[in-house]
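**Student:** Give the three-dimensional model of this entry:
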Amino acid sequence: MAGISKLEKNGTYLKVIWDDGEESKFNYMWLRDNCPTAHDKDSRHRMFDILKVSKDINPKKYTINTNGKLEIEWSEGEHTSHYDINWLRENCYTIKNKQKYISPYKLWDNSLQNDIKSISIDCDEIMSSNEGLVKWLKLLHFKGIAIVNNAPTKEKSAFEVLNRISHTRETFFKTPFEVINVPKPNNSAYTAHALKNHMDLPWFENPPGYQFLHCLINSANGGDSSAVDGFAVAEYLRKSEKDIFETLVSVPLKFRDKDYTQQSHRSFYAPAVSLTKDGDFNDIRFSVATMDALDCHPDVMDKVYSAHHRFGNLLHDDKFVIRFRLNPGDIYSFNNRRVLHGRTAFDPNSGHRHLQGYYIDRDEIIGRLSYLIK
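**Tutor:** You can find the predicted model right below:
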């Protein structure tokens, strides 16, 4: 439990010296904005309007009261705030900003090929316990990939499994979308052709976070699946080929929906690699099939294609790619904005291949995991 040994008023912040020697600087506006009474007790939404106080607001009086809380009487508004000191320590941005960021992601390469069982989980384990669900969610969040075994093979039966996480995300492909060989396809997934490793729907401003491919039938020759950790490839480039990496991060590419059945024109600009505020990886956008005619500045076009060429080849390099065959009842689950997926060509005359696809947004995966392990 946190303890405070000293309080000190400064120009724009209250300095807190903790019992363990740590120091915090709490900005006055931040403290007033986060007064416990500022939030509605039921909705927990902030109701206090910080815009109605002056920029000069400051503590008129401050002390640790008899209940062990930080008590502040403000210079305006005739208001007194009471802060739980454990909450202050937990939310201290001074200490947080001194800490080194540690990525939650466990990057992988082709060595995962020899340990596919480490990313596999039985469907019954997920359905029968929250421990099994947490195991699945951790694989999805930390490694970006999981294969659920022994799920039902009835059409649309994956709904029950996926709803253990949350609701699915609907797109114009409908839910589930049918991954089968069809005449006059509106997407290359609906053919028997090989598919390069790619991200689904990169031309959306916010592409689906996770994808789930539920194998119902897979008796045709070919049609083996592939996966590559785009974050691992990007990290390799960040360390070894910095110029390539900087181009991938800094120059937006143009992606376009080329579906002839649509009465909408969807396109979006985004770099091949995007980063978070902490410099960690956020998105990998790569899709040869749906990248539009680039319109980068002429002075960088050659550099952009060189970087794209290098990145694309590494995303298909045996050093990074794993390959496996889906069996009926398998649900191939992966972070669509990290793990790129593909398949080999298959012979539709040799047997039938039928997968059903679903999407769930990344917020739902992370939010459900956070709730279950709180």
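
**Student:** residue ranges of the helices in the chain, please?
**Tutor:** Using DSSP state H, the helices of the chain run over 28-33, 85-90, 93-98, 123-128, 130-138, 158-162, 230-240, 242-250, 301-314, 362-372.

**Student:** Tell me which of those lies nearest to residue 320.
**Tutor:** Residue 320 lies closest to helix 230-240 among the helices of the chain, at 5.6 Å (CB to CB). C-beta coordinates here come from the backbone N, C-alpha and C atoms, glycine included.

**Student:** so what are the domain limits for this structure?
**Tutor:** The record's domain split for the chain, according to automatic domain parsing, is 4-98, 110-372.

**Student:** now, of these, which is deepest in the fold?
**Tutor:** Ranked by mean neighbour count under mean count of other CB atoms under 10 Å, these are led by domain 110-372, which reaches a mean of 17.

**Student:** So for it, mean pLDDT?
**Tutor:** On average, the pLDDT along domain 110-372 is 95.

**Student:** gap between the two ends of it?
**Tutor:** Using CA to CA, to the nearest Å, the end-to-end distance of domain 110-372 comes out at 31 Å.

**Student:** what do you get for stretch 15-29?
**Tutor:** Terminal residues of stretch 15-29 lie 14 Å apart, using CA to CA.

**Student:** For it, what is the distance to the chain centroid?
**Tutor:** Its chain's C-alpha centre and that of stretch 15-29 lie 33 Å apart, by CA atoms, centre = their mean, to the nearest Å.

**Student:** ok, back up a step: any chance of the helices of the chain in JSON lines, plus distance to residue 201?
**Tutor:** Formatted as JSON lines, the helices of the chain follow (distance: least, CB to CB, whole Å):
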{"stretch": "helix 28-33", "distance to residue 201": "38"}
{"stretch": "helix 85-90", "distance to residue 201": "37"}
{"stretch": "helix 93-98", "distance to residue 201": "34"}
{"stretch": "helix 123-128", "distance to residue 201": "26"}
{"stretch": "helix 130-138", "distance to residue 201": "22"}
{"stretch": "helix 158-162", "distance to residue 201": "18"}
{"stretch": "helix 230-240", "distance to residue 201": "15"}
{"stretch": "helix 242-250", "distance to residue 201": "20"}
{"stretch": "helix 301-314", "distance to residue 201": "18"}
{"stretch": "helix 362-372", "distance to residue 201": "13"}
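
**Student:** okay if I get the domains of the chain as CSV plus distance to residue 104?
**Tutor:** Formatted as CSV, the domains of the chain follow (distance: least, CB to CB, whole Å):
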stretch, distance to residue 104
domain 4-98, 16
domain 110-372, 6
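
**Student:** show me what contacts the nearest residue to residue 262 once chain neighbours are set aside?
**Tutor:** Leaving aside its sequence neighbours, residue 262 sits nearest to residue 172 (CB to CB, 6 or more residues apart in numbering; 6.6 Å). Going by CB atoms under 8 Å, 6 or more residues apart in numbering, residue 172 touches 259, 262, 264.

**Student:** Touching, residue 80 and residue 71? I think so.
**Tutor:** Yes. Between residue 80 and residue 71 a contact is recorded at 6.5 Å, counting by CB atoms under 8 Å.

**Student:** Quickly note the distance from the residue nearest to residue 125 when sequence neighbours are not counted to residue 41.
**Tutor:** In this structure, residue 125 finds its nearest non-sequential neighbour in residue 132, 3.4 Å apart by CB to CB, 6+ apart. Between residue 132 and residue 41 the distance is 35 Å, computed by CB to CB, to the nearest Å.

**Student:** try residue 77
**Tutor:** Counting by CB to CB, the gap between residue 77 and residue 41 amounts to 20 Å.

**Student:** Give me the distance from stretch 38-54 to the chain's centre.
**Tutor:** 30 Å.

**Student:** mind exporting that stretch as CSV, just the C-alpha atoms?
**Tutor:** The C-alpha coordinates for stretch 38-54 follow below in CSV (Å, rounded to 0.1, in the frame of the first residue of the first chain):
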residue,chain,number,x,y,z
ALA,A,38,-16.3,14.7,-11.1
HIS,A,39,-17.7,11.3,-12.2
ASP,A,40,-21.2,10.1,-12.2
LYS,A,41,-21.4,7.2,-9.7
ASP,A,42,-23.4,4.9,-12.0
SER,A,43,-22.2,5.6,-15.6
ARG,A,44,-18.7,6.5,-14.3
HIS,A,45,-18.5,9.2,-17.0
ARG,A,46,-16.9,12.5,-16.1
MET,A,47,-19.6,15.1,-15.6
PHE,A,48,-17.4,18.0,-14.3
ASP,A,49,-16.6,20.7,-16.9
ILE,A,50,-12.9,21.5,-16.6
LEU,A,51,-13.4,24.4,-19.1
LYS,A,52,-15.3,26.3,-16.4
VAL,A,53,-12.3,26.7,-14.0
SER,A,54,-9.5,29.2,-14.6
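
**Student:** State the distance from residue 353 to residue 195.
**Tutor:** Distance from residue 353 to residue 195, counting by CB to CB: 12 Å.

**Student:** again but with residue 247, I slipped
**Tutor:** To residue 195, residue 247 is 25 Å away according to CB to CB.
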